[in-house]
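Engineer: Sharing a model prediction with you, sequence too.
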Amino acid sequence: MTQPNQEPKHESICQEAHRIQGGDRQQDYGSPKQNFEDIAHVWTSYLQVKRAGHPPVDAVDVAHMMILMKIVRNNHKPKRDNAVDIAGYAQCLAKIQGFDK
């Protein structure tokens with residue numbers, strides 16, 4: 001029997017991402033939509049100084065950029081965690097866009 005917060009054996013990357021994203025991450029950071037909107041607000045403020053006149057960053061942009069960040073990290077050092085996080089961010093993106101409740 002698996003203990004709480006312990007990774008089950010033979011869990012796929014998508015299963016692990018679903019378990020993490022729907023469990024501790026959501027409890028720690030709130031809903032993906034609200035969390036990514038908050039990140040978008042902060043990124044927009046920061047980027048306005050860097051690239052005046054461009055439209056603000058939104059929650060979908062945050063999801064895309066977080067996936068891109070994990071791709072860059074994985075290019076530097078391939079790790080299972082990167083694939084799990086990419087799947088988790090894709091799941092967040094689906095929730096933000098209303099494809100997955």
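Structural biologist: Sure thing, it's come through.
Engineer: quick one, helices of this structure?
Structural biologist: Applying DSSP state H to the chain gives helices spanning 13-22, 24-29, 32-50, 59-76, 80-96.
Engineer: where among these is the average confidence lowest?
Structural biologist: Of all these, helix 24-29 carries the lowest average pLDDT, namely a mean of 67.
Engineer: was I right about Leu93 contacting His64?
Structural biologist: Yes - if you go by CB atoms under 8 Å, Leu93 and His64 touch, sitting 7.3 Å apart. For the C-beta atoms, the positions are set from N, CA and C on the backbone; glycine is no exception.
Engineer: Tabulate the helices of the chain (CSV), appending mean neighbour count.
Structural biologist: Below are the helices of the chain laid out as CSV (neighbours: other CB atoms under 10 Å):
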stretch, mean neighbour count
helix 13-22, 17
helix 24-29, 12
helix 32-50, 15
helix 59-76, 16
helix 80-96, 20
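Engineer: if I look at the residue nearest the centre of the chain, how far off is Ile39?
Structural biologist: Closest to where the C-alpha atoms of the chain average out (CA atoms, centre = their mean) is Tyr89, at 3.0 Å. Separation of Tyr89 from Ile39 (CB to CB, to the nearest Å): 11 Å.
Engineer: thinking again about what came up before, from Asp100, how far off is the residue nearest to the centre of the chain?
Structural biologist: Applying CB to CB, the value for Tyr89 to Asp100 is 13 Å.
Engineer: Overlap of the contact sets of the two?
Structural biologist: When CB atoms under 8 Å, 6 or more residues apart in numbering defines a contact, no residue borders Tyr89 and Asp100 alike.
Engineer: nearest residue to Asn74 other than its sequence neighbours?
Structural biologist: Using CB to CB, 6 or more residues apart in numbering and skipping the chain neighbours, the partner closest in space to Asn74 is Asn82 (3.8 Å).
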